[in-house]
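Enquirer: quick one: sequence and predicted model below, then my questions.
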Amino acid sequence: MEDHLNRALRELPRERAREGFTHRVLARLDREDRPSVWMRPRLVFATAALMAVMASAGVLQYRADQRQEEARRVLRELRSEHESLKQEFESLSAPPVVYVGGNEQVDLVVDLSRVQGASF
């Protein structure tokens, strides 16, 4: 069977290149000034993909900058509030007073600055 196939293949006529085939191929290879037609869509696609990636990176950077600025604003507000609370606490650091107890009519409070030997 294999011999039959080989014999049939040998009996087929040989294909020959058309007249001027070699000349056309070499001329086409020599043309360096024009990109081939199949490269243009790929170049356009690659350029569009690169532009999309760059635009996405720009948007992400812009959003990151916005979040960072918001975080700085919140931090400034927290520091301002902390400073305000600190000043209020320092203004309240008068001699200590202790609530001892009481009822609905009377509250008992001891001013420790008037107690001898009290340390605070």
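Expert: Looks like it came in fine. Numbers count the residues shown, from 1 in each chain.

Enquirer: find the helix or strand that the most centrally placed residue in the chain is a member of.
Expert: The residue lying closest to the centre of the chain (CA atoms, centre = their mean) is Leu60, at 5.2 Å. Leu60 is part of helix 39-91, with elements assigned from DSSP states H and E.

Enquirer: any idea how far Asp65 is from Met51?
Expert: Remark: distance between Met51 and Asp65 (CB to CB, to the nearest Å) = 21 Å. The C-beta positions use only the backbone N, C-alpha and C, and glycine is treated the same way.

Enquirer: check Leu78 too.
Expert: For Leu78 relative to Asp65 (CB to CB), the value is 20 Å.

Enquirer: point out where the protein drops to low pLDDT.
Expert: Along the chain, the parts satisfying pLDDT under 70 run over 32-39, 93-95, 118-120.

Enquirer: apply 80 and report the result again.
Expert: Within the chain, the set of residues satisfying pLDDT under 80 comprises 1-2, 29-40, 90-97, 112-120.

Enquirer: quick check: phi and psi on Gly102?
Expert: phi 160, psi -170 (degrees, to the nearest 10).

Enquirer: that one and Val110 touch, don't they?
Expert: No. Contact criterion CB atoms under 8 Å: Gly102 and Val110 do not qualify, at 11.8 Å.

Enquirer: comparing those two, which residue is more hemmed in?
Expert: Val110 (13 against 10; other CB atoms under 10 Å).

Enquirer: within the helices and strands, which one has that one?
Expert: Val110 belongs to strand 107-111, assigned by DSSP H and E.
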